[in-house]
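Chemist: generate coordinates for the sequence data below:
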Amino acid sequence: MTATADASGELAGAAAGLPALDGVLAKAAHENFPVGPGFLPGRLRRDLLAIYGYARFVDDIGDETSATVSERLAMLDLVDADVSRLFAGQQPSLPPLHALVEPVRAGRMTEEPLRRLVEANRLDQRVARYQDFAELRHYCTLSADPVGRLVLSCVGLATPERIALSDQVCTGLQLIEHWQDVAEDFRRGRVYLPQEDMRRFGVTDADFAAEHASPSLRALLAFEAGRADRLLDAGLPLVASMRGAAKLAVAGFVAGGKAALHAIAAADFDVLPGAPKPTKTRTAREAIGVLRPGKSS
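Modeler: Predicted coordinates:
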């Protein structure tokens, strides 16, 4: 068998192992923030769901535990090739990219953020730990910040100032998700808590394998949660700079992150039994605070 035949066979096998679109979209109901609430205008709601579907699809490929690393990388190559087709004016072959055709052709989405999300999941196949917070933040420029940039693009508000604020919010949201999922990520062989911080707080891998978080792990998570909260706060002017439905959508993202941080704190930073999830009531309260500072409780 030739090398070309080997590659074709690997890609065919990868295509067969790709996550199903229905399962990908079903995860929207379990996110910290409302993905595409029904009160949004139809076009904006469709664009947000298309962004979510693509990002979650790529993320699920990177996290597919039944696949080998080479199989995951082959799947990501298929996505990358489909992005090339999409921006060449051709019809993509993968279902999660079908919803991107109309906004891309209308000029509401750009190519680089879609590529970055693929690269983030390639990085996940090579890197399981981050030495310090700077390394982790760099990872978030690939795994999280592109989502906000896509959102800003689809609402026509992608100015340099707003992009910088959006990057703060998106990195904060990504970190919160990592802190909720410490146990799940550890089972997958990944630790997103910076190694430098683990040493500072006296946390080791043994802490992640316990039924409940140790005092040292709780202290570390409280520290990291504070970092994420400050990032959300730093990005808050983004909401104030927007109007209408776009403002409500972005406020919902920030509010979901704030509510998730409240849930983590309410669990006394014990995330090992399961990811603490925000309630709809708390998210609504936080949304009021985001839209009208000083009005949350």
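
Chemist: going forward, measure contacts between C-alpha atoms and count neighbours the same way
Modeler: OK.

Chemist: quick one, phi psi at the nearest residue to Arg129 once chain neighbours are set aside?
Modeler: Distance criterion CA to CA, 6 or more residues apart in numbering; nearest residue to Arg129, sequence neighbours excluded, is Val191 at 5.2 Å. Here is the backbone geometry of Val191 (degrees, to the nearest 10): phi -130, psi 110.

Chemist: give me the mean pLDDT for the strand or helix carrying Gly53.
Modeler: If you go by DSSP states H and E, Gly53 is part of helix 42-63. Taken as a whole, helix 42-63 has an average pLDDT of 90.

Chemist: same question for stretch 290-297.
Modeler: 68.

Chemist: before we move on, back to that, okay, now the residue nearest to Arg129: neighbour count?
Modeler: For Val191, the neighbour count with other CA atoms under 10 Å is 22.

Chemist: pretty sure it sits against Trp179.
Modeler: No - here Val191 lies out of contact with Trp179, judged by CA atoms under 8 Å, at a distance of 10.0 Å.

Chemist: which neighbouring elements make contact with the host helix or strand of Pro96?
Modeler: Take DSSP H and E as the rule and Pro96 turns out to sit in helix 95-98. On a contact count with 3 or more CA pairs under 8 Å, 6 or more residues apart in numbering; DSSP states H and E, helix 95-98 meets helix 42-63, helix 69-87.

Chemist: what's it in contact with?
Modeler: 21, 50, 53-54, 57, 82-83, 86, 91-92 (CA atoms under 8 Å, 6 or more residues apart in numbering).

Chemist: and those as a markdown table, adding distance to Ala183 and neighbour count?
Modeler: As requested, those are arranged in a markdown table below (distance: CA to CA, whole Å; neighbours: other CA atoms under 10 Å):
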| residue | distance to Ala183 | neighbour count |
| --- | --- | --- |
| Leu21 | 26 | 15 |
| Ala50 | 29 | 21 |
| Gly53 | 25 | 26 |
| Tyr54 | 25 | 27 |
| Phe57 | 22 | 23 |
| Asp82 | 33 | 19 |
| Val83 | 33 | 23 |
| Leu86 | 37 | 20 |
| Gln91 | 39 | 14 |
| Pro92 | 36 | 21 |
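
Chemist: which one of the residues you listed is nearest Asp132?
Modeler: Phe57 (27.9 Å; CA to CA).

Chemist: please report the distance of that closest one from Ser216.
Modeler: 35 Å (CA to CA, to the nearest Å).

Chemist: cool, and Ile163?
Modeler: 36 Å.

Chemist: higher neighbour count, the two?
Modeler: Per other CA under 10 Å, whichever of Ile163 and Ser216 has more neighbours is Ile163, with 21 against 16.
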